[in-house]
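Q: Test case, fold it:
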Amino acid sequence: MHLFVVADNRIGTQCGESSSDAEQDAEGDGEETTRLGYVAGEEDRTASGEHAARARRFEALEEAHHTPLVLLVDDDPDSREALAELLSTRFAVVSAADGEQAIDLARERAPDLIVMDVVMPRLSGVGAFEALLNDPRTAEIPVIFLSAHTDEGTTALCLNRGAADYVAKPASGRELFARIDRALRETRERHALQAMAQTDALTGLANFRALSARLDQEIKRASRYHYPLSAVMIDLDNLKTLNDRFGHETGNRAIVALARHLRDNLRETDFAARFGGDEFVVLLPHQTAPDAAIFAERIRAGMRDLHFRADPAAGAEEMKLSVSVGVACRGAQDPRGPSEDLLRAADAALYHAKRSGRDRVQIDGADVGSSAEGEAEGKA
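A: Predicted structure coming up:
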């Protein structure tokens, strides 16, 4: 979650009234306009009651033990210091003196919020915003502009480019924080919806849509940096028999058990998704086919060791679960075309493993062996 606020240091300017709810909250406060272009009232002077109210508005962030990080960018040292003091009542703050430094810090620190002057030497705030939009690492940062530069052309340009809001100076601290709160809330909601759209409801792993997007990304990275990428396709053996004998609830519990086992064995760079039904795919960057086969054998052998009961409440006897696994690799110099080709190769290897008796690992084009032989191979 990120928020990007751009501030202009042209001072002593006035702005017209806005019909937004945030600005209406600030009307009638009788507050004093400061040289920075925002209005500082008693609520900005760190009163404990107001701090508690702000904390409640950020309850979701507090529960996650996350204080948003603000990158403050202003070439005027006095303005930068005063804004940092205001923002530090709510956020962690780091500073930069121009747009180029802002870009470097944004990439390095991944701030949740950037407060940046519009008019600066070397690179303006708008120029920095364009650079951030063109960088995949920062392209999705929501943007709020805070500026005395309020001509319609600039405002329209920023909003059309994707800014979350555009606030004219002078603005009260209450208004500024209200707009920031709204942008953070909308960002959280948008990210939550995106996560739901890419998450399998039963297992909590990524779904097929997320897998398709991630596979394209991994293929491009592997091609650019010339490293191998392996795909492991895993299928739960005899799920239909399990469903017919004990019911679909038991079958779903077996699928969840496999998903949990996969999650427990992933590296930070690995990616696991439910491909559909009882099939899963794991992407292993920087892993050759033999490397991936060792991972696959660990998954296969680990499933045999799981303590699974068809009906835990009834004290049913434990039963053995098994999986069949197909492994395929796209080598560092592999000219293999579409990303789907890697999955097709892994699926073909999986089909061979199922046809060869199940509970085994199969590399595309080379057999790793049956369950006992595969285990020995994995330990080698």
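Q: what packs against the host helix or strand of A296?
A: Taking DSSP states H and E as the criterion, A296 maps to helix 289-304. With contacts taken as 3 or more Cβ pairs under 8 Å, 6 or more residues apart in numbering; DSSP states H and E, helix 289-304 sits against strand 229-236, helix 248-264, strand 279-285, strand 323-330, strand 361-363, strand 366-369, helix 371-379. Heads up, the C-betas are built off the backbone N, CA and C, glycines and all.
Q: With D200 as the reference, name the closest of these.
A: Between D200 and those, the tightest spacing by Cβ to Cβ is seen for helix 248-264, at 8.0 Å.
Q: now the angle from the next helix or strand after that closest one to strand 279-285?
A: Toward the C-terminus, helix 248-264 is succeeded by strand 271-276 as the next helix or strand (DSSP H and E). Strand 271-276 and strand 279-285 are oriented at 160 degrees to each other (axes from the mean of the first three to the mean of the last three Cα atoms, to 10 degrees).
Q: For strand 271-276, give me every contacting residue.
A: Strand 271-276 is contacted by residues 200, 202-203, 205-208, 210-211, 214, 218, 233, 255, 259, 262-263, 266, 280-283 when judged by Cβ atoms under 8 Å, 6 or more residues apart in numbering.
Q: export the helices and strands packed on helix 289-304 to JSON lines and tack on mean pLDDT and mean neighbour count?
A: Shown next, in JSON lines, are these (pLDDT from 0 to 100; neighbours: other Cβ atoms under 10 Å):
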{"stretch": "strand 229-236", "mean pLDDT": "96", "mean neighbour count": "27"}
{"stretch": "helix 248-264", "mean pLDDT": "94", "mean neighbour count": "18"}
{"stretch": "strand 279-285", "mean pLDDT": "96", "mean neighbour count": "24"}
{"stretch": "strand 323-330", "mean pLDDT": "95", "mean neighbour count": "28"}
{"stretch": "strand 361-363", "mean pLDDT": "95", "mean neighbour count": "29"}
{"stretch": "strand 366-369", "mean pLDDT": "53", "mean neighbour count": "17"}
{"stretch": "helix 371-379", "mean pLDDT": "40", "mean neighbour count": "16"}
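Q: can you put these in TSV and add distance to A168?
A: Compiled in TSV, the helices and strands packed on helix 289-304 are given as follows (distance: least, Cβ to Cβ, whole Å):
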stretch	distance to A168
strand 229-236	49
helix 248-264	48
strand 279-285	47
strand 323-330	52
strand 361-363	63
strand 366-369	66
helix 371-379	64
